[in-house]
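Predicted structure and sequence below. I'll ask about it afterward.
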Amino acid sequence: MVRRTFTLLAALLLALTLVPPAHAAQAEIYVALGDSAASGPLVPNQIGPDFGCLRSDRNYAHLTAQNIGASTLRDVTCSGADTTDMYQPQSTELGDVPPQLDALTPDTTLVTVQIGANDVGLTGFIEDCLNLLPPPIGDACNDDYIENGQDTWRLKTDALRPRLTTLVSDIRARAPQARIFVVGYATYARPNGCYPRVPIIRADANYIRATLLYFNQMLAEQAAGAGAGFIDLQTPSVGHDPCTAPGVRWIEPYVPAAPAAPFHPNALGMRGFAVAVTAAVTGVL
């Protein structure tokens, strides 16, 4: 009886070793969508085939794909992209690139999308606030965005809400199996700034900070409403803003000290963002 029981158990264990687990993890097919905050302009190494997109092989999408062992990465992030470039070809200095949504396929399992800053003119907005001379000679920029008592930057942010909801829906239609994550933007200004190290005066630094907080909150709300995840990059990048020293900062100032576009992530920043993105997509937050 004991021998028969042992034989049956051995046979059962052998059978279990021959049958793969029903819920074995599948390697991700990952599509990264987004603008220059995701593509990594000037961060080594810049790669093709779409060289006009200024895309780095060390951006957070590539690093995350390595971290999670993705079987496929289709990184179509592109500098200068806005929400219209999800649907139609984007013109770059080195030629047109296909609509980003064309990278999605029915077998896609993971999508990150970081978009919207160019719709509202984020980079131009920050550059407008650069002030080489402090008041009273230099002018503050924050009041330039108030018209008839309303903050035009916030109005543009709110106008983007339905487009983001539609975008998530359209991603899901093309990639019904995919988990979708909207990625927020980093910390570009600390409270009160650090004039003259970064030549943005205190009032303008606080305005930039407040408007970016509002913008990221909008992204989080739209992601939640559309049933997508949201990845916060603002919180982990606190203490790594352009005011901090080289080797600490994740976002370069107007005159970069590391290979990166002004007010864009450097290689260290991309590594920090990859930690946040990896944690979010693997559920180990």
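Yep, it's here.

quick one: contacts for the closest residue to G116 other than its chain neighbours?
Once flanking residues are discounted, G116 sits nearest to L160: 5.5 Å by Cβ to Cβ, 6 or more residues apart in numbering. No exception for glycine: its C-beta is placed from N, CA and C like everyone else's. With contact set as Cβ atoms under 8 Å, 6 or more residues apart in numbering, L160 has these partners: T83, G116, D119, V120, M218.

repeat for Y207
C129, C141, N142, Y145.

Please apply the same query to C141.
By Cβ under 8 Å, 6+ apart, the contact list for C141 reads D128, C129, N131, D204, Y207.

Could you do V182 as well?
Contacts of V182 by Cβ under 8 Å, 6+ apart are 112-114, 164, 168, 219-220, 222-223, 228-231.

per-residue confidence at the closest residue in space to Q88 that isn't next to it in sequence?
Leaving aside its sequence neighbours, Q88 sits nearest to P99 (Cβ to Cβ, 6+ apart; 5.4 Å). Note on P99: pLDDT of 98.

isn't P99 right next to T84, touching?
No. Assessed by Cβ atoms under 8 Å, P99 is found out of contact with T84, at 9.1 Å.

So for those two, which residue has more residues nearby?
Taking neighbours as other Cβ atoms under 10 Å, P99 and T84 compare with P99 leading, 15 against 12.

Check the gap between that one and Q222 for me.
Here P99 is placed at a distance of 21 Å from Q222 (Cβ to Cβ, to the nearest Å).

residue ranges with poor pLDDT in the protein?
Scanning the chain for pLDDT under 70 picks out 1-26, 136, 284-285.

Show me the longest helix that occurs in it.
For the chain, the helix with the greatest residue count under DSSP state H is helix 202-225.

Now do the buried residues in it.
Neighbour-count burial for helix 202-225, counted by 16 or more other Cβ atoms under 10 Å, picks out 203-212, 215-216, 218-220, 222-223.
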